[in-house]
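In: just to be clear, the model below is a prediction. Sequence and coordinates:
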Amino acid sequence: MVEPSDRPATAAQRLVAPDSYGVSTLEPGLRPPTTQPSGGRQVPIRVQLLDDTQEVFQISQRSPGKLLFDLVATHLNLVEGDYFGLEYQDHRKMTVWLDLLKPILKQIRRPKNTILRFVVKFFPPDHTQLMEELTRYLFALQIKHDLACGRLICNDTSAALMVSHIIQSEIGDFDETQSWQHLLHNKYLPDQDALRDKITDCHRKHIGQTPAESDYQLLEIARRLEMYGIRLHAAKDREGTKLSLSVAHTGVLVFQGYTKINAFNWSKIRKLSFKRKRFLIKLRSDPTSNHHDTLEFSMASRDCCKVFWKVCVEHHAFFRLFEEPKPKPKPVLFTRGSSFRFSGRTQKQIIDYVKDSEFKKIPFERKHSKILSSSSMTSSFRSQMPKEMIDGSTSSGTDTSDTDSDTGSSSCAYGQPLMYGNPAAVHSGNTNAVKSSPLHRSKFSFGSLQLEEGEGVEDEEEEEEGCYRFTEEEVGGHSPSTMAASQTPVSPGDGLVNGQTAPTVADAGVVPLTTELCVSSNPSDQLPSPLTSPLLMEAGYVRTDDEDEARRKKFPTDKAYFLAKELLTTERTYLKDLHVVTTWFQEVVGKEEVGKEEVLPQNVRDLLSANYEPLLKFHKGFLREVEQRLAQWSGRSNAHIKGDYQRIGDILLKNIQGLKQLTVQLQKHPECLVELERACRSSRRLECVCGDFELQKACYLPLNVFLLRPLHRLLHYKLLLERLCKHYPPTHQDFRDSRAALADISEMVLQLQGTMMKMENFQKLLELRKDLTGIDNLAIPGREFIRLGCLSKLSGKGLQQRMFFLFSDCLVYTSRGMTSANQFKVHGQLPLYGMTVRESEDEWGVPHSFTLFGQRQPVVVAASSAAEMERWLEDIRMAIDLAEQTSDPQSDLLSSSLADSECDEGIGEQESEEELAGSRSSLERQGHRSNTTVHVCWHRNTSVSMVDFSVAVENQLSGNLLRKFKNSNGWQKLWVVFTSFSLFFYKSHLDDYPLASLPLLGYAVTVPAEAENIHKDYVFKLHFKSHVYYFRSESEYAFERWMEVIRSATYSASRSLTASRKDLY
């Protein structure tokens, strides 16, 4: 083998800059390293090529499959390598594909005794899409192999014609003696002897045909065959009929024997999944079709199911996507299902890349050819192509069999993007291609399948082990990722071919892998880089132990500094919340009104603009001043030496006095909420726009909550100043300013407190109305919300879980419905007027039970614990007293007259804990969001009162935390926001929307025990059942504050209340 410096330019050198040997599977996003892991011993791997030769590659035992594949592609000088793959027989005697992202020795148990085969993996519908002669030659070798082993089934005429083209490429023009001798010594067909005459007759007609033209004609015939590129996987249908499944560029195919009996195009498939031995195909609803919504096939084992499922995933991604699917981040909180994804360039990327590249033709040897290959001459690439390819047309009489499919030819396949799937699950595929609204949802996709991790099971009783669902992805362009990431070239010793050093790129500079988090003010313009996503697998974590420890020691120790820092972090979150109302909501409404009638009435638009935009402008300046002061205070200038900037009261006093000038705007915010609600009731279109907006990532809470945020912020200032004044001695230089600021903010809070409490109740009634179905009008004057939560209702079927809602005039009980919005269906209403309640545990023998005696028949319910029962009894008795104070009973709440008796239908299928807390289920669910407090209480079997909601308004916190899972080693730094009984996780405070959320109701917060081996300071532990998370704060003050606010949520239902509930209502 020639030395690397003497070797001709490789395909890698022809294709890319900077130079890299990874020529065939370049990945724009997250990818495995292409250099050999240091320290691992070298193991020989044998690879059998398509010309039946074997090559030995020496690689490190920890190398990923990607490295071996790239070495093979480099050895062949192969540019269009993504059409190929490496297959082998595993320990179960199953033929599987080598996973490029996993270490080889984790896939192959005995590498010395295993032979990997380099074969065609993806068969394109049109061979003219193969741009290089070498690629077509390798495809021709694959067709030759498939014919010989009997995999490519066809009629005798087609078989004879294809073999004649193979012989033409190997021995040249027909010579009767030579042809007969060649057929005697070579086996091309299982029953070749019977077709020998036909083969020679066809061979006579190919005089003058070059090997390249013979390859072209061979592929032209093969691509029209039904079994072209087909690999059958044995299966059975529901009735036990033996069938075979396969996958092609068009979709999933069903065969009986070697006859195709059905085909399911990608456009008709909604989801592919497997459960144990069952392979499931969920179709889109089609009134004209006789197919069931879900097709089920049984395979020999779970492993067979998974192998076929992976092949389907890869085929869809390769043929249907514009570019390689981005790595799906690993959920922060829970993982479910398979994490498998397609790795490599898509067909569209390959075609565009080769067309746009200018490279020198590299000669190659046709091993079985006895004639001079045209590829060894110095003619240009186009001169090697048959005339049909140069003209852009195919031979006459061609029947592509794909004309009615949604993929079709290259031109139409990529020119007509189709819309698929769940409009609530939109991701941006290209971060810079389309400048659109940050919250726009009506995007189009060239049919993308995306891995669903943590998604709940639909209409099934068991968890799906692997699931792929069609979702919409924005397709704005095909440029590679903007993230700077380049592969390291092979160096001597990194990879060996047959014991010799693999070819390298001379003088290629090593470009280190870099990651940049590109932050945009527009939440859907740009997604975080996969390498910096907090949802990434553990290997992508940023280990920050040492540097954070060093940074922590530099912090000032004064408590006032940490109070000021809390002001800074919460102000950043508050400013983002103001942007939701002033920027993102307005943009969504504006886009909806383009070329149409106005959606938002002008008076409401003016009301929002006049009363929120001045606040946004004011708080931007306030935040800027706080940031500057904290920078000076923390020692980034010499000012802290003089002590002039070790205070925050002066800035608070100045800005609270400025905020008092905006009191008129703050007093108008309740009117904004009422007017927007009135406009939604009068306009179904506006109601839909608001509902869709609430499903956006940036709107992580109900829209009405953001409208009341400025009033809530006043409480935060008041509480922070109270702690600051308590900390300062009266002689401190900052005490006077802090006390004056506290007096001003207390005056504002007192002035707005009554309105604030009414609006909180009104907002909660509006939110509950979205969670309930079967109610005419929940938010009526005089009605107050008191408590919601789970109780078990005793009926003829026994105890059944029900969600109860206690208001000031009635008690409503519901069950979780089976609608796509996961709303709760109302089963009955119990008026509180004249109701009595008594404990009945001894009477019914049910623990923690009590009986409600009302105007109709008694209702027996049971709580989950004695403490929960006491809370319900206390609130119900208080509500009865409130109802008695009214002179007349309230009218019926329900939309239809429902009896008190329980409906016969059972409770809807429950979501799992992972589904509740997973990133997708908590942020991107179709229909009404399913991580509301009502759903959390349903799953956690607990309850929450209005007092708890009021306390939660005061207890909000933001800041950086280090998070660690139960079984992981490193800590990952996240920006965390606590609000509304939940933790919301961001990569940094610059992100516009959370990546995941964790509802805390039902969780316990403690300090790790000694046996848990968490040898760090300021660590607290969150745990619920088997779910355990560790969080580490940067200081003692931050640790105490996080523990305080989280306890207000986790123990909200069990804490003693300092205020009278009746006083609150």
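Out: That came through, no problem. A quick note: this is a predicted structure, and the numbers were derived from the prediction, not measured.
In: contacts and neighbour counts: CA atoms only from here.
Out: Fine.
In: so residue 68 touches residue 60, yeah?
Out: No. Look at residue 68 against residue 60 with CA atoms under 8 Å: they stay out of range, at 9.8 Å.
In: endpoint to endpoint, stretch 981-991 covers what distance?
Out: End-to-end span of stretch 981-991 (CA to CA, to the nearest Å): 21 Å.
In: the closest residue to residue 573 other than its chain neighbours: what's it in contact with?
Out: Nearest residue to residue 573, sequence neighbours excluded (CA to CA, 6 or more residues apart in numbering): residue 958, at 7.0 Å. Contact analysis of residue 958 by CA atoms under 8 Å, 6 or more residues apart in numbering lists 566, 569, 570, 573, 975, 976, 977, 978.
In: in helices only, show me those residues.
Out: 566, 569, 570, 573 (DSSP state H).
In: and of the residues you listed, the nearest to residue 613?
Out: Closest approach between these and residue 613, by CA to CA: residue 573, at 16.4 Å.
In: what about that closest one, how many neighbours?
Out: Using other CA atoms under 10 Å, residue 573 has 19 other residues around it.
In: try residue 154
Out: When neighbours are defined as other CA under 10 Å, residue 154 has 17 of them.
In: repeat that for the one 3 residues further on.
Out: With neighbours defined by other CA under 10 Å, the count for residue 157 comes to 12.
In: ok, residue 1035 next?
Out: 17.
In: need the per-residue pLDDT for the spatially closest residue to it that is not a sequence neighbour.
Out: Leaving aside its chain neighbours, residue 1035 sits nearest to residue 1018 (6.6 Å; criterion: CA to CA, 6+ apart). Residue 1018 carries a pLDDT value of 92.
In: might one say that residue 1018 is in contact with residue 1037?
Out: No. Between residue 1018 and residue 1037 there is no contact under CA under 8 Å: 9.1 Å.
In: strands of the stretch 551-700 of the chain, start to end?
Out: Shown for the stretch 551-700 of the chain, no strands are assigned by DSSP state E, counting those that start in this stretch.
In: which stretches in it count as helices?
Out: Secondary structure of the stretch 551-700 of the chain, counting by DSSP state H, counting those that start in this stretch: helices at 559-579, 585-592, 602-633, 639-642, 649-660, 663-682, 684-694.
In: pretty sure the residue nearest to residue 573 is in a strand, no?
Out: Yes. In this structure, residue 958 lies within a strand as judged by DSSP: H, G, I helix; E, B strand; the rest coil.
In: how close does residue 569 get to residue 740?
Out: 23 Å.
In: kindly report the same for residue 120.
Out: 77 Å.
In: hang on, residue 592 packs against residue 585?
Out: No. With contact defined as CA under 8 Å, residue 592 does not count as touching residue 585 (10.8 Å).
In: the more surrounded of these two?
Out: Taking other CA under 10 Å, residue 592 and residue 585 do not tie; residue 585 has more neighbours (21 against 18).
In: tell me who's in contact with the more buried one.
Out: Residues counted as contacts of residue 585 (CA under 8 Å, 6+ apart) are residue 693.
In: for residue 686, see how far away it is.
Out: 12 Å.
In: kindly report the same for residue 813.
Out: If you measure residue 813 against residue 686 using CA to CA, the figure is 30 Å.
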